[in-house]
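Student: here is a sequence together with a model predicted from it:
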Amino acid sequence: MKYIIAIIQPHKLDEVMTALEKAEVPLVTVSNVLGRGRQKGVTEIYRGTKEAGSLLKKVKLEIAVNEDFLDRAIDAVTKSARTGEVGDGKIFVFDLHDVMRIRTGERGSSAIG
Amino acid sequence: MKYIIAIIQPHKLDEVMTALEKAEVPLVTVSNVLGRGRQKGVTEIYRGTKEAGSLLKKVKLEIAVNEDFLDRAIDAVTKSARTGEVGDGKIFVFDLHDVMRIRTGERGSSAIG
Amino acid sequence: MKYIIAIIQPHKLDEVMTALEKAEVPLVTVSNVLGRGRQKGVTEIYRGTKEAGSLLKKVKLEIAVNEDFLDRAIDAVTKSARTGEVGDGKIFVFDLHDVMRIRTGERGSSAIG
Amino acid sequence: MNTGDTAWVLVSTALVFAMTIPGLAFFYGGLVRRKNVLSILMQCFIIMCVISLQWVLFGYSLSFGPDTGQGIIGGLKWAGLNYVGGQPNADYAATIPHSVFMIFQCMFAVITPALMIGAFAERMKFSAFLVFTILWATLVYDPLAHWVWGTGGWMRNLGGLDFAGGIVVHASSGVSALVLCLLLGKRVGYQKTPFRPHNLPFTVLGGALLWFGWFGFNAGSALAANDLAANAFVTTHIATAAAGLTWALIEWQQHGKPTILGTVTGAVAGLVAITPACGFVNPMNAIFIGIIVAFICYLAVAVIKAKLGYDDALDAFGVHGVGGIWGTIAVGLFAEKAVNSAGANGLFFGGAQLWPQLIMAVVAPLFAGVMTFIIYKLVDALMCARVKEKDETIGLDLTQQSEAAYTVIE
Amino acid sequence: MNTGDTAWVLVSTALVFAMTIPGLAFFYGGLVRRKNVLSILMQCFIIMCVISLQWVLFGYSLSFGPDTGQGIIGGLKWAGLNYVGGQPNADYAATIPHSVFMIFQCMFAVITPALMIGAFAERMKFSAFLVFTILWATLVYDPLAHWVWGTGGWMRNLGGLDFAGGIVVHASSGVSALVLCLLLGKRVGYQKTPFRPHNLPFTVLGGALLWFGWFGFNAGSALAANDLAANAFVTTHIATAAAGLTWALIEWQQHGKPTILGTVTGAVAGLVAITPACGFVNPMNAIFIGIIVAFICYLAVAVIKAKLGYDDALDAFGVHGVGGIWGTIAVGLFAEKAVNSAGANGLFFGGAQLWPQLIMAVVAPLFAGVMTFIIYKLVDALMCARVKEKDETIGLDLTQQSEAAYTVIE
Amino acid sequence: MNTGDTAWVLVSTALVFAMTIPGLAFFYGGLVRRKNVLSILMQCFIIMCVISLQWVLFGYSLSFGPDTGQGIIGGLKWAGLNYVGGQPNADYAATIPHSVFMIFQCMFAVITPALMIGAFAERMKFSAFLVFTILWATLVYDPLAHWVWGTGGWMRNLGGLDFAGGIVVHASSGVSALVLCLLLGKRVGYQKTPFRPHNLPFTVLGGALLWFGWFGFNAGSALAANDLAANAFVTTHIATAAAGLTWALIEWQQHGKPTILGTVTGAVAGLVAITPACGFVNPMNAIFIGIIVAFICYLAVAVIKAKLGYDDALDAFGVHGVGGIWGTIAVGLFAEKAVNSAGANGLFFGGAQLWPQLIMAVVAPLFAGVMTFIIYKLVDALMCARVKEKDETIGLDLTQQSEAAYTVIE
Ligand SMILES: Nc1ncnc2c1ncn2[C@@H]1O[C@H](COP(=O)(O)OP(=O)(O)O)[C@@H](O)[C@H]1O
Ligand SMILES: Nc1ncnc2c1ncn2[C@@H]1O[C@H](COP(=O)(O)OP(=O)(O)O)[C@@H](O)[C@H]1O
Ligand SMILES: Nc1ncnc2c1ncn2[C@@H]1O[C@H](COP(=O)(O)OP(=O)(O)O)[C@@H](O)[C@H]1O
């Protein structure tokens, strides 16, 4: 089993969510993050004090999948999240040791979906 | 060493925290997330526009443990977070390569607690 | 490749960010978390009801690096985040299976930076 | 007719309006959990709509219309604002248009049921709340307003004094709130998980606007821009300041820290207590009324409630019920004819005003409590007053209104 | 001069001030996405600054200054507040200082262009917005105010009635808003991704303050603290209550849930509709005006807009344009000389007031729409009215103002 | 007595109340970091409580009570509101109850120390703040109010003019604020890590309410609803609009972007500067006063402060101190007898009013600064004025008040 962490542009979230649903990996956990990447931050000014804000708002997706769904999940995210501009984000993939569904106590691969 | 990520219902947080304390795995990091799972979202309406909100508020727990505490941590979460209804959440378990306590510089298994 | 999760004190964020930049591991994802650790929480009082708040505000950093940058990243965080007081936080290190840059589709080690 | 008086009462009307929305709405809204804040705002807002209509259609007539004979209720002669026009009605206010008096009183009729929201917050079904509110306004508020303020009202004839609504507004709604929260039961998880206020700045905003609007509520009740209004304005301000400070000091002594929530709560308690008294007592005694109410309400809110374990979620009873009754009794102690010749002398000034005050302070709450019980039972039987547990867990905003107060992403 | 009248109009001026900031600013600010809230607040705030200056420098003179002959525009005789001092000007208000009338009207001149912000929210460049606003105030608002309210204005001479600005303020800005949003185009992602209000409590706060301030807007337009002000106050309150409740009930029937956003929107629609009528109709007919506007605006906002697909982001047209036109026509139906002897009788009272009302309701929007088109084209040619797509995605707060509304960390 | 005047001053009192809470509280509260917002709200709220009590008990008597002989201080004859009742006091205001004048002035006494919160924000211990405030109000504000406004006060006798408090309120508190922040030292991390405003909409809300309430502050200071009030109202509005716009334009020119924080700050600076002048200058000169204050305060806040490196956290000195002194001098330049016959002619109108103004502008700040130094040293010795570094890091909300402003989970 694999665990995907994807950092994307906030305004792409809805498209990515739809793409994931179409790719049959609908289950996902979403959260707000700030990212410093290659994309330039926007300077902020408060009463004359300039601050080179380097952190930009991003959205983080976490998706646990069985191996055979990995590629289509990555694919779905990449295609739907891409604008071609710097700042589009990254996908990180981890080995997932175990999963459990709290409601039923089910474990492993079948608990993932 | 293992790293547990648990997604639970927000109103269960206090019970889970207490259960973890009792299970002697008190150290935990908590954050807000939104989840799309099997649980149905609640439709929102703004000036007549219906929006099938698919994301529900969840809470994410992260717990780093030594192997021999893994089962009791999982157990504590499962029992205290379970309502039996769809949406109770999932537990994901990862291998943890290394840990370090920033204050002391301690590393590995002893730094976890 | 490795994936670092660091939990630090919120007011140390700027120093850590600067340190990471100096250590040539500038790319990082940041988020708010609450932590229960060895540090004592602050009691809150609402209309006479005391609540032993055990959760304290922390900041979470996530940094994906190639192996040869791992030590200097850990070093940068540890040194800049340390105050010597309880509550300074922890660093967790994971194996990273794969990385992908959404913008280009690049994969693996070269996509990390 | 006097333009200065008219200007003052018009402004006061707007000020009392602002007490309910945004004042009370934000005071209460900040105190609930994030998932229920809109339900509070909605309840306050819809009360403004629905009770205003009830008032002009028949509520005003029931309350202030010509008495039907026994001092119990006004008739329907003034329903639909019949006879309520630009000419003054000397029985109530000789120097301002009758319709100005009517709309000023409208804002009182609106805020009174809104105060009860604090008791049943976070668990009452919207439809049940709406029906309950309309019935309560008609069957509890309108008669009480008539008894105390209407020409021919029996408490008024008895000599009972209630300058701006200690009995009519606060004691009545506060006691009803207690009955309601006992009948509705506790919120899921009450006393197990902590229910922290989700946005205390909102509560402070609301509290400050309450204080601001209360100048209209109390000093506007003089119905003229004269020395009586001035006295009411000053006593209101000072009693409130004293109560807010006292509450902070009590907390400091009890827990080692004064809190802003405590200070604001104390201020509101002070406003409540001075309400019936503001036009009858002098400013120095107003300080005592304020100090004492802080002690009493602190006891009610932080000690007694916790002991008895009822879930008066935002302390509608502990602040408005308890404070309103204390203020009503305080009139019987501190009132002076020197302040208001149309008033009376209280115990400390050699008068016997305490008795009518005590009668009001006992009968009105009793009446309100019993009626609330009956109305609640009726509503509950008809449509089940409480939301389903699952809906309560998800939150009233999403389940009762299909809205979320704040976006999470972006 | 009368101190009571002066006090009332001074207070009303402050109340109308509060309608724009913080009222409208928060009403709109809560509805946009988190990344654009400051741009809304900024636009409202800078309009207050810039139009107030425009007004005292020449706007007031253009609007209310001595007519230049054809009833089209006032001259520049009163520019820089020449002749506008402490003495009353009996043509407009005989009992208050002329400068009080001027500053009261100033707040109307400010809020009118601010209403349009709702249409072009989240995508207009700040510089273009600023230039557009100044031109629009000068070329659309000032003439219209003169036509309807200025001595010698042709619509006024025609017998058109607009008590507090149904045509001058709401219809004009609402229709211009529609033209603007059609010209500017839709926001990126409109109807693809959901645009949820980022902070509904802010919207409720703003809505409540609008209602509060509107008492000054409408009842202040009597320019005296008399029975006419009283009537305007009462009708304003009641029509609003009726409209708010009606909208909630429509939603309840349509979607099974009443929402707070709907209720507040309904209330604002009610305020808009009663604006031209409040000094001419009686309270019971105000209820009808309120109920009807809820239906019409609901249709405009929730049905027609969705069908036609234009992006009137916060429904400036749907509420102000549609509501203002309905209110103007309603005067022609419900006005009574019994309420205001300086008024007229509408259709239902055997009068012929409907015709001048219809003429106003057709000509003024047409004029505003055409002028808006011309001004927009000019501004767009000069400086490109819309922000770059990339900036729109990042948000106007950061890209137009280099600020973020809320911190994320700590 | 005059009901219109009384109505106006009562309303103005409520408006000035709203300047401190919620106005200033939210203006400042939005600017600090999330962990300190409640400490600001608490300080503003408790000042309202504690200084109101100080005022009625003895502060008013010290300030406005019969002079003890040298023009330095009022006696204790009016302590506890003795002799302060419903009858007018012709020395101060002949047409309104004396108690109305007293409570109007109470709100000035409250807001003045509250302004200083901006300087010591985020690091002062609550207990020390409380003791400091009471001493400062008694030893700095009360004497100064007496000098400038009390019958027999020496600055008043000298012919110094301060219509609504440029010296008494703004210069005094602003300069004291500077002394305070120098003595307290910088916040931990100042100029190392960025301190972003945690909630700019709150700041805009507060700023708008300040402007709103300031109409009562300035125009209410006419103590009557007459043409003088009208002039003060108009000049206040216009100077503020000019200053807000000017600040935005300066930023636009300097950084390429106008910000809402800058615009609001400019508006507040405009309000400060016009305060002493509003009843003496004409509207066109008010525009100049507003434009100039924006330049001066921008310099103080964005350039000089950064250079000198003192930590006036929210610019209490930069805006109120600098702006108040400029306004006081501006009276000496722009005042006209044509505007206010009880006033004087400034330099530009051939008068010699500049000298008394300069004396006030030098002596009052000096006095305030020295006294602040002494009081601070006393308080610091007694109870250590600053919180522990660890507490500052965690935040004042949790460590001084055991409360959190917002919940994080749910
Ligand atoms: N090595 C990394 N570790 C952690 N987060 C990263 C890393 N690289 C990128 N990110 C996250 O991805 C976001 C987008 O990266 P960025 O470099 O701006 O875009 P791109 O990959 O298109 O050049 C960053 O803001 C950051 O949140
Ligand atoms: N495969 C997954 N990947 C990431 N998050 C998941 C996954 N499955 C479930 N979750 C998270 O767990 C939450 C609960 O899942 P859900 O399916 O609603 O409950 P249950 O497991 O009880 O059926 C989801 O809202 C989501 O946040
Ligand atoms: N085993 C763990 N699992 C998850 N999070 C942890 C763990 N240990 C520490 N943390 C996080 O690190 C933070 C700091 O830990 P704490 O024990 O207070 O500090 P220190 O390590 O200096 O003693 C905690 O608040 C928590 O968020």
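Tutor: Received the coordinates, thanks. Numbering: from 1, shown residues only, chains lettered A, B, ... in the order given. Ligands and ions are numbered 1, 2, ... in the order given.
Student: the residue in the stretch 151-300 of chain D positioned nearest to chain E - nearest residue in space that isn't next to it in sequence?
Tutor: Across the stretch 151-300 of chain D, no residue is closer to chain E than D:Phe202, which sits at 6.7 Å (Cβ to the nearest Cβ). C-beta here means a position set from N, CA and C on the backbone, and glycine is covered the same way. Leaving aside its chain neighbours, D:Phe202 sits nearest to D:Gly30 (3.1 Å; criterion: Cβ to Cβ, 6 or more residues apart in numbering or on different chains).
Student: pretty sure the one you found is touching D:Arg196, no?
Tutor: No: taking Cβ atoms under 8 Å as the definition, D:Gly30 is not a contact partner of D:Arg196, at 10.8 Å.
Student: which ones are touching the residue of the stretch 151-300 of chain D closest to chain E?
Tutor: Applying Cβ atoms under 8 Å, 6 or more residues apart in numbering or on different chains, we find D:Phe202 in contact with D:Phe26, D:Phe27, D:Gly29, D:Gly30, D:Val37, E:Pro201.
Student: list the buried residues in stretch A:48-68.
Tutor: Across stretch A:48-68, burial judged by 16 or more other Cβ atoms under 10 Å in any protein chain shown covers A:48, A:51, A:53-66.
Student: isn't there a helix covering the residue of the stretch 151-300 of chain D closest to chain E?
Tutor: Yes: per DSSP: H, G, I helix; E, B strand; the rest coil, D:Phe202 lies within a helix segment.
Student: report pLDDT for it.
Tutor: Looking at D:Phe202, its pLDDT reads 98.
Student: and A:Thr49, by the same measure?
Tutor: A:Thr49 carries a pLDDT value of 85.
Student: ok, and the closest non-adjacent residue to it?
Tutor: Spatial nearest neighbour of A:Thr49, excluding adjacent residues (Cβ to Cβ, 6+ apart): F:Ala306 at 7.0 Å.
Student: quick one on the thing from earlier: out of the contacts of D:Phe202, which sit inside helices?
Tutor: If you go by DSSP state H, these have D:Phe26, D:Phe27, D:Gly29, D:Val37, E:Pro201 in helices.
Student: go through these and name the one nearest F:Asp91.
Tutor: Using Cβ to Cβ, D:Phe27 comes nearest to F:Asp91 of these, at 40.1 Å.
Student: ok, residue 47 - contacts?
Tutor: By default, I'm working from chain A. Shown in contact with A:Arg47 (Cβ under 8 Å, 6+ apart): F:Leu261, F:Gly262, F:Thr265, F:Val301, F:Ala302, F:Asp315.
Student: my question was about chain D
Tutor: D:Ile47 sits next to D:Thr20, D:Val110, D:Pro113, D:Ala114, D:Ile117, D:Thr133 when contact means Cβ under 8 Å, 6+ apart.
Student: where does chain D dip in pLDDT?
Tutor: Counting by pLDDT under 70, the ranges of chain D that qualify are D:410.
Student: out of D:Gly30 and D:Arg196, which sits in the busier spot?
Tutor: Neighbour totals were compared for D:Gly30 and D:Arg196, and D:Gly30 leads with 26 against 22 (other Cβ atoms under 10 Å in any protein chain shown).
Student: ok, back up a step: show me which of the contacts of A:Arg47 is closest to F:Phe129.
Tutor: Relative to F:Phe129, the closest of the contacts of A:Arg47 is F:Asp315; by Cβ to Cβ it sits at 18.5 Å.
Student: quick one on the thing from earlier: any idea how far chain A is from the residue of the stretch 151-300 of chain D closest to chain E?
Tutor: Applying Cβ to the nearest Cβ, to the nearest Å, the value for D:Phe202 to chain A is 22 Å.
Student: let me know whether the helix ranked longest in chain A sits next to chain D.
Tutor: Secondary structure of chain A per DSSP H: the longest helix is helix A:67-81. No: Helix A:67-81 lies out of reach of chain D by Cβ under 8 Å from any Cβ of the partner chain, never closer than 14.2 Å.
Student: mean confidence score for that helix?
Tutor: Summarised as a single mean, pLDDT over helix A:67-81 is 96.
Student: so which of the buried residues of stretch A:48-68 belong to strands?
Tutor: Among the buried residues of stretch A:48-68, the members falling in strands (DSSP state E) are A:Glu51, A:Leu56, A:Lys57, A:Lys58, A:Val59, A:Lys60, A:Leu61, A:Glu62, A:Ile63, A:Ala64, A:Val65.
Student: please name the bridge partners of the first one.
Tutor: Beta bridges link A:Glu51 to A:Glu44 when assigned by DSSP bridges.
Student: quick one: contacts for the residue in chain A that chain F sits nearest to?
Tutor: Chain F sits closest to A:Gly48 of chain A, with a gap of 2.6 Å, by Cβ to the nearest Cβ. When contacts are counted by Cβ under 8 Å, 6+ apart, A:Gly48 touches F:Glu251, F:Gln254, F:His255, F:Gly262, F:Tyr298, F:Val301, F:Ala302, F:Val303, F:Ala306.
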